[in-house]
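[1] Test case, fold it:
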Amino acid sequence: MKRKVMVLSCLLALFSSENETRAAEAICTATIMPAISTTKTSDLVFGVILPSETLGTVTITPLSTENSERTHSGGVQLVASTSGAASFNVSGATNTSFTVTFDNSAINITNGTDTMTVRSFTIYPPSGTTKLNNDGLATFNVGGTLDVGENQPPGNYSGSFTVNVAYQ
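    Below you'll find the predicted structure:
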């Protein structure tokens, strides 16, 4: 009888060890990035322009984060004045890439009922290559082309455009 009990005990031990559950532990993690944000530091300024009897354009090209170039074509002349690209500061997660997009492909700037169109916006550095630095900061500039009409009425014209920044 002792042998039967011992064999039975061994069999029970064998079966119970095969059906034992083994526990494993995993750790859950998540990283929350800070929101990306942008702040305008300067406006897109085309400067003082003399129109003529023919259409013309004025273009502000952002060449770097500190410099821009103002050029003209057609029937306009440029008067020495303050001009330059719009400039924006971006902040967010360190060393991450971001893109810049526009809500409008062209906008109208107005002086009462008179209008001109700003189009062909350009970004420096080009969107898709922009990256926040080790401090989570970056700067980009926006230029564009202003269409000046024949005998464009004098006045101060203004309007606005919106830029959107997002992590890539």
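
[2] Spit out the contact partners of residue 45.
    60, 82, 83, 84 (Cβ atoms under 8 Å, 6 or more residues apart in numbering). All C-beta atoms are positioned from the backbone trio N, CA, C, and that covers glycine.

[3] Kindly recompute the last result at 6 Å.
    Residues near residue 45 by Cβ atoms under 6 Å, 6 or more residues apart in numbering: 83, 84.

[4] go on, residue 159?
    Counting by Cβ under 6 Å, 6+ apart, residue 159 has contacts 107, 108, 109.

[5] Let's verify the last one: helix, strand, or coil?
    For residue 109, the secondary structure call by DSSP: H, G, I helix; E, B strand; the rest coil comes out as strand.

[6] Could you report the neighbour count for it?
    Neighbourhood size, residue 109 [other Cβ atoms under 10 Å]: 18.

[7] Please look at it and residue 119 and confirm they touch.
    No. Here residue 109 lies out of contact with residue 119, judged by Cβ atoms under 6 Å, at a distance of 11.1 Å.

[8] and which of the contacts of residue 159 is nearest residue 128?
    Proximity of the contacts of residue 159 to residue 128 (Cβ to Cβ) peaks at residue 107, which lies at 22.5 Å.

[9] Please, which helix or strand holds residue 122?
    Secondary-structure element containing residue 122, defined by DSSP states H and E: strand 114-124.

[10] Show residues contacting the next helix or strand along the chain from that strand.
    Using DSSP H and E, the helix or strand that follows strand 114-124 towards the C-terminus is strand 130-131. Strand 130-131 is contacted from outside by 97, 98, 138, 140, using Cβ under 6 Å, 6+ apart.

[11] All set now, cheers.
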